[in-house]
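Peer 1: Pasting the sequence and the predicted coordinates here, then a few questions.
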Amino acid sequence: MRAIFGGRRRGTFGLGSELGAYRNELHERTLRIDGRLAEVSDDIDALRRRDLDPMEASSRLGVHEDALDEESNGLIEMMAPEDLHGLHMEYEANLERALRGIVTVERGCGITRLRHRPPDDEEPHVYYKRGHANVMHARMRMAEIVDVLLTWEPGRPAEATVAARMERVRKS
């Protein structure tokens, strides 16, 4: 039996080191993304309360959008273990949802610059509200997915459903 495997177990060691490297990179990247999304939420919330000027908000959101685009490109380049591909892709999709929320808010900021717009027009605030909801819901779902991605054990199902979360809570 020793001659077949060359004296060591390949599958477990290889998967373990790959999984560890993936988790480390994912942990660092998702911390940056979540921090950035928290800033985005705060900026949009200030905009909704009229504590932030739409022009300033638009420039801040542009900076956030560029940083999140870079993180998104890095996520796409990451090599997730095969069993985690679906969840990794769902995380990417939710990051794209958050980016669409930012673009929605930027569109609302653009409406405020139209010359013919009435001063009491509430249309931009509809865009702010919709964009804020997209960012917040995406951020919440991303947190659920990251929890599963970082705690997944080989041989176990990789699920980020409500039923799976309830089962993990019940067992702990």
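Peer 2: Sure, I can see it.

Peer 1: Surely Val40 and Ile102 touch.
Peer 2: Yes: with contact defined as CB atoms under 8 Å, Val40 reaches Ile102; the gap is 6.2 Å. In this view, the C-beta of every residue, glycine as well, is placed from N, C-alpha and C.

Peer 1: Settle it for me: which of these two has more neighbours?
Peer 2: Val40 (27 against 23; other CB atoms under 10 Å).

Peer 1: any idea what sits nearest that one, other than its immediate chain neighbours?
Peer 2: His64 (4.9 Å; CB to CB, 6 or more residues apart in numbering).

Peer 1: Any buried residues in the helix or strand containing that neighbour, and which?
Peer 2: Following DSSP states H and E, one finds His64 within helix 54-77. In terms of neighbour count (16 or more other CB atoms under 10 Å), helix 54-77 has its buried residues at 54, 57-58, 60-61, 64-65, 68, 71-72, 75.

Peer 1: Off-centre distance for that helix?
Peer 2: Put simply, helix 54-77 sits 12 Å off its chain's centre (CA atoms, centre = their mean, to the nearest Å).

Peer 1: buried ones in whatever helix or strand comes next after it?
Peer 2: Helices and strands here follow DSSP H and E; after helix 54-77, the next one along the chain is helix 85-111. For helix 85-111, burial by neighbour count (16+ other CB under 10 Å) applies to 87-88, 90-92, 94-95, 97-99, 101-102, 104-106, 108-109.
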